[in-house]
Each structure stands twice: as structure tokens, then as C-alpha cells.
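In: Okay, predicted coordinates and the sequence, questions at the end:
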Amino acid sequence: MQRIGLLGGTFNPIHIGHLLAAEAAREAAELDQIWFVPTLVPPHKAEPGVAASIRLEMLQAAIAGNPCFKVEDIELHRSGTSYTIDTVTALQQRHPDIMFFWIVGSDMINDLPNWRSIDELTARIFFVGLERPNEPVTEAELPDFIQDRLLRASMPPIGISSTDIRRRLKEGKSVRYMVPDPVLTLIQRDGLYES
């Protein structure tokens, strides 16, 4: 049975930290592939200001050439807010022969008990929890049913965020080496995040 990691997000824009997180999770959980799942409308953030088609193009450019990385655009074809349980249910119906792992950062691990249909979700998948700098996980405070389905992974400490990248671009500062070169080319081509 294939082991596939799912990494959801707005990827607005995708950056080196996302790619490092995906690789760290792939290695730690012995996953065959990572599928990046761009969201249309996230449940815990404001709507992205950049069109889904452009975020998808940046994502595809960022992972080109890595056979272990793939884009799964299932959430871009669904209207309304994207919830993990809906995505996982649909993917399991399409791929009953795959074992799925949802990748989350330490900021989200602590919030798992508040996720929609978390009981059903933990019965369906495992979580790979990535340790992020300065964001400790209080695993002992998580319910047992979540702890039992949580694998831990460490990743290199890297303080890059999409929010910071957007701010830097708005201020006219460089984001070179923060995003893959093909993503930077697309950002510059379309003048993204400048105002």
C-alpha cells in the first residue's frame, strides 16, 4: 500500500520552508510521495488575494523535477471553505489503496482537537506533526485518540513565512532564496504582492 503525505495550504506563495517541511515529513514517515493540496478558501485564514490559478502555477513550478512531489488540486474544484475531512474522504474514495498522512506544523498540532469531525478524521488518517522553531507542541494535552495517530518529524529551523514574503515584496525588498527561482520568476512576471 502506498503511503502518501498530504500538505495543504494556500501556498500564497509557496516558499523554501514548505518544500523543506514536505521533504522532512516524507523522510520521517517513510512516505512514497507528498501531494501538495492548495486550498481555495481556508477555514482558518482570510481568502488569498492571489487567484487560485496563479497559486497553482507557482506550486507546479516549485516542485517540477521532484518525482516525490505532486500537486493535488481537488480543493480548487470545490466551492466554499475547504475542510480536511471533506478532502480526505474524497481522496480515499478515489484512491482506496492508499494510506494517507496529513502533514501539519506544530502551530496546528495543538489545534487538532478543534478541527471539524476530528474523531472521524483520526480514524481515517495519520498526522505527521512537524516541529517548528519557537512553537512547542503540548502533545500530552492532546486527546489519546489524536496522540495515537500522530507521528513526529523534525525539520531544519527556518524562519520563512508567506506573510513575510508578501510584506517584503510590498516593500520592494528581495525574496530571492526564500522562494524557488521559478516561483520568483512568476512573481516578477505578474507583479504579484507589490501593492
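Out: Thanks, I have it.
In: Buried residues, the helix or strand bottoming out on mean pLDDT in the chain. List them.
Out: Lowest on mean pLDDT, DSSP states H and E among the helices and strands of the chain sits helix 106-109, with a mean of 85. Using 16 or more other Cβ atoms under 10 Å as the test for burial, helix 106-109 gives 106, 108-109. Just so you know, the C-beta spots here come from the backbone N, C-alpha and C atoms, and that holds for glycine as well.
In: Stretch 91-109 now?
Out: Result for stretch 91-109 [16+ other Cβ under 10 Å]: buried residues 91, 98, 100-106, 108-109.
In: just stretch 167-175 next, same as before
Out: 169, 175.
In: Then stretch 114-128?
Out: In terms of neighbour count (16+ other Cβ under 10 Å), stretch 114-128 has its buried residues at 115, 118, 121-122, 124-128.
In: between those residues, which is closest to Ser154?
Out: Distance to Ser154 across the buried residues of stretch 114-128 (Cβ to Cβ) is lowest for Val128, with 11.1 Å.
In: Show me what the least confident helix or strand of the chain is packed up against.
Out: Applying 3 or more Cβ pairs under 8 Å, 6 or more residues apart in numbering; DSSP states H and E, one finds that helix 106-109 contacts strand 126-131.
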